[in-house]
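# I'll drop the sequence and a predicted model, then ask my questions.
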Amino acid sequence: MRLGSESVDISLTFPTDREILGLHERYAPSPEALDSVYGHCEIVWRIADQLLARPGGFPGLGPVSAGLVRAGCLLHDIGVYRLYDESGRLDHASYIWHGVLGHELLRAEGFAEGICRFASCHTGVGISREDVIRQGLPLPAADYLAETAEEKVVMYADKFHTKSSPPRLLTPGEYAASVRRFGEDKVVRFEAMRAQFGDPDLTRLG
């Protein structure tokens, strides 16, 4: 099966909602952490669900598995739990690691690479090996880029909600302004995603 220029393993299976919630409950160090991370993941799925309902689909991507997008949305931030200390504080300084940590967690749980990648390949508008080296990021030098249609939908939907305290929704303009500090190329990449996926109706998420 082909999704635009990328392929996806049609035999890939994904966990049920109950299994996903069970993972979050097992790894969350506190009810507050669960509310923050799982609550965010649920909102990202609601945003992605809107995008998937867009008439005509996504130009150049072909069919998209809604079930796989749902699993990816609900699992993409599970690595954040690894960044809470014993006192329940989140290590913001190491936050860039949450994707890699989530990938490792999901792999240890026995999930296929196509599931694990939702954790490691959703940060920002993608982190390239060149970004890691040029910016001196504290990550293994590798590409952390969305490749399949499903990964791209999850990455994009994630841009419109934060886990800040309190959590909040971000308009496209607000996200573009926030990502500009990482370079104009990131804004260009985000605007390309907007053109492909459209803007979600954030008023439906209040």
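Received, thanks. The structure displayed is predicted, hence computed values, not measured ones.
# I'd guess residue 102 is in a helix, am I close?
Yes - Residue 102 forms part of a helix when assessed by DSSP: H, G, I helix; E, B strand; the rest coil.
# tell me what the longest helix belonging to the chain is packed against?
Assignment by DSSP state H gives helix 31-52 as the longest helix of the chain. Identification of packing neighbours for helix 31-52 by 3 or more Cβ pairs under 8 Å, 6 or more residues apart in numbering; DSSP states H and E yields helix 17-27, helix 66-75, helix 149-158. Quick note: C-beta positions are derived from backbone N, CA and C, even for glycine.
# what's that helix in contact with?
21, 24-25, 28, 64, 66, 69-70, 73-78, 80-81, 84, 88, 90, 153-154, 156-158, 160-163, 167, 169, 197-198, 200-201, 204-205 (Cβ atoms under 8 Å, 6 or more residues apart in numbering).
# quick one, grab the pLDDT at the residue located most distally from the centre of the chain.
Outermost residue of the chain with respect to the C-alpha centroid, by Cα atoms, centre = their mean, is residue 87; its distance is 26.3 Å. pLDDT, residue 87: 91.
# helix, strand, or coil at it?
coil.
# got any ranges where the protein has weak pLDDT?
Residue ranges of the chain with pLDDT under 70: 1-11, 206.
# that older thread, give me the PyMOL select line for the contacts of helix 31-52, limited to the buried ones.
Buried residues within the contacts of helix 31-52, by 16 or more other Cβ atoms under 10 Å, are selected in PyMOL with:
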select buried, resi 21+24+28+64+69+70+73+74+75+76+77+78+80+81+84+90+153+154+156+157+158+160+161+162+163+197+200
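# okay if I get the helices and strands packed on helix 31-52 as a markdown table plus distance to residue 59?
Listed next are the helices and strands packed on helix 31-52 as a markdown table, based on distance: least, Cβ to Cβ, whole Å:
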| stretch | distance to residue 59 |
| --- | --- |
| helix 17-27 | 30 |
| helix 66-75 | 17 |
| helix 149-158 | 11 |
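# residue 79: neighbour count?
Number of residues near residue 79 (other Cβ atoms under 10 Å) recorded here: 23.
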